[in-house]
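# curious how this folds, go ahead:
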Amino acid sequence: MTEGLSLAGMIETPIVVVDSQRPAPATGFPTRTEQADLDLLIHAGHGEFARVIYAPGTIEEAFDLTIKAFDVAEKYQIPALIMTDQHLADSIRDVDTPLNKNVKIQRYILSLEESKNIKNYKRYQLTDSGISPLAVPSWIDDVIYADSDEHTEEGHITEDAGMRKKMVEKRFYKKIEGLKKEIIPPIAYKVSGAHLVLLGFGSTYGVMKDVCDAMHEKKIGFVHLSQVWPFPNHEIKLLLAGAKKIITVENNAGGQFTKLFKCETGMMVNGTILKFDGRPFDLDGLMDLVEKEVR
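Next up, the predicted model:
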């Protein structure tokens, strides 16, 4: 059912989708947890279009990244995907509120005042940034056209090869370039001077941090990604430049994050710890597995 995602990409409609992962295929373990939808979210939908994927590691991040997702979705007129899982979604803990005291909500639509002066509105106007003016229907006198087929700047269907090329560059290249400037950098903890660096994303944040604290004499650090697409390859390369040994930690059977890391950075890892029995990593279990890698 990812055709709707492609539709949003083509007609440049801002949407936010939450994927709270649990084991699959089919109904799998309906009440258990997993991190096996990473490949799906990066490639969901046919064709090529810009998207952003956030993977909160804590309840606080879930709040912050949801606000960020709505902001980025409307700003770039793209799908923004929030990848969490059953473990984090079902977690309960005390947190300070409000979590975002200084957040100012910004809208990226043409105001009612601006709309009154618009003539010959082009919904898909070609711009340097790839972002077209977004008007509210009924606020302008012109008809707004939206077409799931390739279209002109006005929104009319076209078979023109030159226009097709310009529209793909607009929806894909230009928006990706903008999104790269807003990448949320990875979180690093005790990485400097570490003998071993754990690398993960999403809900593994807490258990990786606990392992680093519990095994402090082993000089273990970790790097956690809260954003997995566009991938923060420049930032993560800087953080891991001096790492002696890198071990990835993820809740799936295929090592999806490990493959993505290798592909995007050209770096290798020294080992991968996978867990796919429907249960999240626990401190004792992960410590035992990390201990084997330290030896």
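# helices of the stretch 151-295 of the chain, start to end?
161-168, 175-180, 205-214, 233-240, 256-265, 283-294 (DSSP state H, counting those that start in this stretch).
# let's have those helices in TSV, adding distance to Lys275 and mean neighbour count.
Every C-beta, even on glycine, is put in place using the N, C-alpha and C of the backbone. Listed next are the helices of the stretch 151-295 of the chain as TSV, based on distance: least, CB to CB, whole Å; neighbours: other CB atoms under 10 Å:
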stretch	distance to Lys275	mean neighbour count
helix 161-168	39	13
helix 175-180	31	18
helix 205-214	10	20
helix 233-240	22	16
helix 256-265	13	19
helix 283-294	8	14
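# in space, what's closest to Pro280 - neighbours in sequence excluded?
Excluding its sequence neighbours, the residue lying closest to Pro280 (CB to CB, 6 or more residues apart in numbering) is His87, at 4.1 Å.
# next secondary structure after whichever strand or helix holds the one you found?
Counting by DSSP states H and E, the element that carries His87 is helix 86-89. Once helix 86-89 ends, the next helix or strand along the chain (criterion: DSSP H and E) is helix 112-115.
# what distance separates that following helix from the centre of its chain?
Put simply, helix 112-115 sits 33 Å off its chain's centre (CA atoms, centre = their mean, to the nearest Å).
# can you put the helices of the stretch 151-295 of the chain in a markdown table and add distance to Thr27 and mean pLDDT?
Formatted as a markdown table, the helices of the stretch 151-295 of the chain follow (distance: least, CB to CB, whole Å; pLDDT from 0 to 100):
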| stretch | distance to Thr27 | mean pLDDT |
| --- | --- | --- |
| helix 161-168 | 37 | 98 |
| helix 175-180 | 34 | 98 |
| helix 205-214 | 26 | 98 |
| helix 233-240 | 35 | 96 |
| helix 256-265 | 20 | 98 |
| helix 283-294 | 26 | 94 |
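# got TSV for these, with distance to Pro23 too?
TSV is the format used below for the helices of the stretch 151-295 of the chain (distance: least, CB to CB, whole Å):
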stretch	distance to Pro23
helix 161-168	36
helix 175-180	30
helix 205-214	18
helix 233-240	27
helix 256-265	14
helix 283-294	17
